[in-house]
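Provide a 3D model corresponding to the input given below.
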Amino acid sequence: MAKPLLPDALWDRIRPLLPPPPKPKRPDRPGRKRIDDRLCLTGILFVLKTGINWEDLPREMGCGSGMTCWRRLASWTAAGVWSKLHALLLSELEWAGAIDWSRATIDGSHVRARGGGEATGPSPVDRRKKGSKHVVVTDAAGLPLAAVTAPGNRPDVTQLERAVDAVPPVRGPRGRPRRRPEEMYADRGFDSKANRDALRRRGVRPKIARIRTPHGSGLGKKRWVAERTISWLHGFGRLRVRKDRSAAIHQAFLSIGCSLICFANLCI
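As a prediction, the model looks like this:
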């Protein structure tokens with residue numbers, strides 16, 4: 001039997017984060033019956049995992065039309081649901097002692113953006129076709145702590161501070177919420193004095209490979225987990241090829257993907 005798209009345990013975490021449904025403007029004429037939130041979220045997850053177009057969402061699933069699911073996703077995104085969900089799951093992992101803050105890794109990867117849209121640009125690795133870049137920060141074991149979207153023509157070196165600051169405060173069993181690792185590993189694409197200084201100001205020791213130095217520093221032995229996490233994220237069809245012109249909607253899918261990886265690690 002196939003695994004459910006939206007397990008009960010995940011729904012129980014998401015449901016309290018959703019905003020209440022809007023009240024009808026005319027109580028005497030409520031119009032069509034509202035599609036259940038859980039069904040809409042199931043449709044959203046189906047689109048994320050398969051990468052199909054919204055209009056191709058099968059009606060047999062009972063999730064309503066693709067446009068209904070898109071509107072619900074846009075509403076929940078504006079309410080900040082996905083960042084709250086990611087922070088909640090990270091907190092649960094922290095309570096379970098599953099996050100290794102001894103070091104973090106950061107890496108970026110290009111995805112093609114069909115039709116262009118916000119936060120896209122000519123990709124230098126894809127014959128200048130429109131694309132975006134996913135910049136992901138993970139803990140030492142590869143758990144996604146943060147992920148941001150940038151235009152495809154933005155160099156990695158310009159995205160380090162933004163990605164590091166996107167890590168939410170993670171509450172644990174002791175002390176204040178934590179959001180900074182002890183060390184940050186990165187490849188040569190992030191090498192700059194400004195990035196090293198920015199990490200030190202945040203109390204993080206920079207471990208960034210230097211440009212114009214021989215390979216074989218050994219940093220890749222610890223940095224590979226970020227590449228693996230990116231491959232997990234790009235296993236979702238909607239993240240492997242970008243189809244949404246809205247940067248907010250695409251970022252929502254990226255945040256949901258990070259949450260699904262965190263949830264899977266909670267269920268191990």
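
For the lengthiest helix in the chain, buried residues please.
Here the longest helix in the chain is taken by residue count, with DSSP state H as the criterion, and it is helix 247-266. Applying a neighbour-count criterion of 16 or more other Cβ atoms under 10 Å, the buried positions in helix 247-266 are 247, 249-263, 265. In this view, the C-beta of every residue, glycine as well, is placed from N, C-alpha and C.

And it, how far out from the chain middle?
Per Cα atoms, centre = their mean, to the nearest Å, the displacement of helix 247-266 from the mean C-alpha position of its chain is 4 Å.

list the helices and strands it packs on?
Using 3 or more Cβ pairs under 8 Å, 6 or more residues apart in numbering; DSSP states H and E as the contact test, the elements touching helix 247-266 are helix 8-14, helix 37-50, helix 66-78, helix 81-95, strand 130-139, strand 144-151, helix 220-233, helix 237-240.

right, so of those, which gets closest to Leu57?
With distances scored as Cβ to Cβ, the stretch of the helices and strands packed on helix 247-266 nearest to Leu57 is helix 66-78 (4.1 Å).

So which bits of the closest one are buried?
Buried residues in helix 66-78, defined by neighbour count with 16+ other Cβ under 10 Å: 66, 68-70, 72-73, 76-77.

Go through the residues you listed and name the one nearest Pro4.
Taking Cβ to Cβ as the measure, Pro4 lies nearest Cys69 of the buried residues of helix 66-78, at 16.9 Å.

right, and out of the buried residues of helix 66-78, which lies closest to Gly220?
Proximity of these to Gly220 was ranked by Cβ to Cβ; the top entry is Thr77 with 35.1 Å.

how near is Arg188 to Pro214?
11 Å (Cβ to Cβ, to the nearest Å).

For the two, indicate the residue with more neighbours.
Residue environment comparison for Arg188 versus Pro214 gives the larger neighbour count to Arg188, 16 against 6, counting by other Cβ atoms under 10 Å.

which ones are touching that one?
By Cβ atoms under 8 Å, 6 or more residues apart in numbering, the residues touching Arg188 are 208-211.

and if we set it to 10 Å?
The contact partners of Arg188, taken as Cβ atoms under 10 Å, 6 or more residues apart in numbering, are 156-157, 208-213, 215, 217, 219.

From these, keep the buried residues only.
The buried subset of those (16+ other Cβ under 10 Å) comprises 156-157, 208-209, 219.

State the pair within those that is farthest apart.
Based on Cβ to Cβ, the longest span within the buried ones among the contacts of Arg188 runs between Val157 and Leu219 and measures 16.1 Å.

now stretch 125-136, how far from the chain's geometric center?
For stretch 125-136, the distance to the chain centre is 16 Å (Cα atoms, centre = their mean).

swap in stretch 143-156?
Taking Cα atoms, centre = their mean, one finds the center of stretch 143-156 at 9 Å from the center of the full chain.

How far does that stretch stretch from one end to the other?
Start and end residues of stretch 143-156 are separated by 20 Å (Cα to Cα, to the nearest Å).

which parts of it are buried?
143-154, 156.

same question, stretch 176-184
The neighbour-count criterion (16+ other Cβ under 10 Å) identifies 178-179, 181, 183-184 as the buried residues of stretch 176-184.

Could you single out the most deeply buried of the helices and strands packed on helix 247-266?
Most buried of the helices and strands packed on helix 247-266, by mean neighbour count (mean count of other Cβ atoms under 10 Å): strand 130-139, with a mean of 25.

For that strand, name the packing helices and strands.
Contacting strand 130-139 under the criterion 3 or more Cβ pairs under 10 Å, 6 or more residues apart in numbering; DSSP states H and E are the following elements: strand 104-113, strand 121-122, strand 144-151, helix 160-165, strand 183-186, helix 220-233, strand 241-242, helix 247-266.

Out of the ones you listed, which is closest to Ala9?
Ranking the helices and strands packed on strand 130-139 by distance to Ala9, with Cβ to Cβ as the measure, places helix 247-266 first at 7.8 Å.
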